[in-house]
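> What follows is a predicted protein model with its sequence.
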Amino acid sequence: MAAAITEGGSIAGIQLATSWPGYVGTRKFVGNDPGSVIEDARALVEQLGPDGSAAIINAFHEASDVAIGHGYRHVQLHGAHGYLLSLLIDSRINSRSEETLDRLSLLAERLATARVETSLRISLLTGYAAFDAAGAKRFQDSVAALPFDFIDLSSGFYNIDKRLIYPSRPDVIALRHSMSINVARRHPDRKFILSGRAVNAASEALPDNLHLGLCRDLIANPLFLAQPEQGCENRSKCHYFSRREGSLRCARWGDGGNASTLPLGAM
Ligand SMILES: Cc1cc2nc3c(=O)[nH]c(=O)nc-3n(C[C@H](O)[C@H](O)[C@H](O)COP(=O)(O)O)c2cc1C
């Protein structure tokens, strides 16, 4: 894949993520008990301890090396959506988050030395209002200080509120955009990625250090950049796990959304 992407003229990038043994993703878009998701997360990182969290970052080192060996030239660490790294980097969940942030700095610096572009994806909010009410800005700023080339601003924890991850409602999209713009303005010397119906934000006055990230529009139409009028229609078929289906589909693909009906050359 890396070779094909590189041959196509792009930097081949890969996202590295981990959860933990026994992790179960909910099928629901909004979880029943956000308080217990946070409490369980705190207990998990406590149980992991300093050696356990150091081992996780070491595993990200190893995984980065495997990716580089296969030709990837951009490595993104998934520190968002309630997966393990997102718990380890947030002082509201992990009392030893500083140690993880320091280890991540070293990883970012090592990859920079190897001339590999880096990014860290975070969630601006979890979706649990009582948790998000305090400390979100401090968390965002602590991550923005790390030496990754980009901080990719997502939102939501998978087992708390998926609507924040894949925003569709205008108010949720507007909040994601305004929070992303605020973070970018607070750190004008750092580079960020805005996602969540990002093309809707393109006409707004975006800071120069805020770059656009696209997902569902490109699932709907791999040629979306050349055909911006033919993007995602918000029909939700791509949420295959939540829909108890086995593979990705899109209403735009025709014939019930089978990838095999995509026009030749469009993949
Ligand atoms: C089918 C699907 C799979 C996704 N998988 C991931 C993933 O593995 N990691 C991640 O950080 N975000 C994932 N996302 C979230 C997207 O990266 C993106 O942030 C989100 O869809 C909002 O952007 P959009 O409006 O451009 O789609 C996924 C989204 C969809 C629809």
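In hand now; what should we look at? The model shown is predicted, which means the values in this text are computed figures rather than measured ones.
> For Gly156, which non-adjacent residue is closest in space?
Spatial nearest neighbour of Gly156, chain neighbours left out: Leu164 (2.8 Å); criterion: C-beta to C-beta, 6 or more residues apart in numbering. Yep, even glycine has a C-beta here, placed from its N, CA and C like the rest.
> can you count the residues close to the one you found?
Other residues near Leu164 come to 25 when the count uses other C-beta atoms under 10 Å.
> wait, it sits on Ile173?
No - Leu164 lies out of contact with Ile173 (C-beta atoms under 8 Å); the separation is 10.2 Å.
> returning to that earlier point: need the contact list for the residue nearest to Gly156.
Remark: with contacts taken as C-beta atoms under 8 Å, 6 or more residues apart in numbering, Leu164 is in contact with Ser123, Leu125, Gly127, Ser155, Gly156, Phe157, Val172, Arg176.
> redo that, cut-off 7 Å
Residues counted as contacts of Leu164 (C-beta atoms under 7 Å, 6 or more residues apart in numbering) are Leu125, Gly127, Ser155, Gly156, Val172.
> Next: His187.
With contact taken as C-beta under 7 Å, 6+ apart, His187 is in contact with Ala144.
> Phi, psi for it please.
Per-residue torsions, His187: phi -130, psi 70 (degrees, to the nearest 10).
> Near the ligand, which residues of the stretch 151-267 of the chain? Just list them.
Residues of the stretch 151-267 of the chain lying near the ligand by C-beta under 6 Å from any ligand atom: 154, 165-166, 195-198, 214-217, 238, 248.
> Quickly find the element holding Ile5.
For Ile5, the element it lies in under DSSP states H and E is helix 2-7.
> model confidence over that helix, on average?
Helix 2-7 shows a mean pLDDT of 98.
> quick one: the helix or strand following it to chain centroid distance?
Where DSSP H and E defines the elements, the next helix or strand beyond helix 2-7 is strand 13-16. Remark: strand 13-16 is offset 10 Å from the chain centroid, using C-alpha atoms, centre = their mean, to the nearest Å.
> Quick one: mean pLDDT for strand 13-16?
98.
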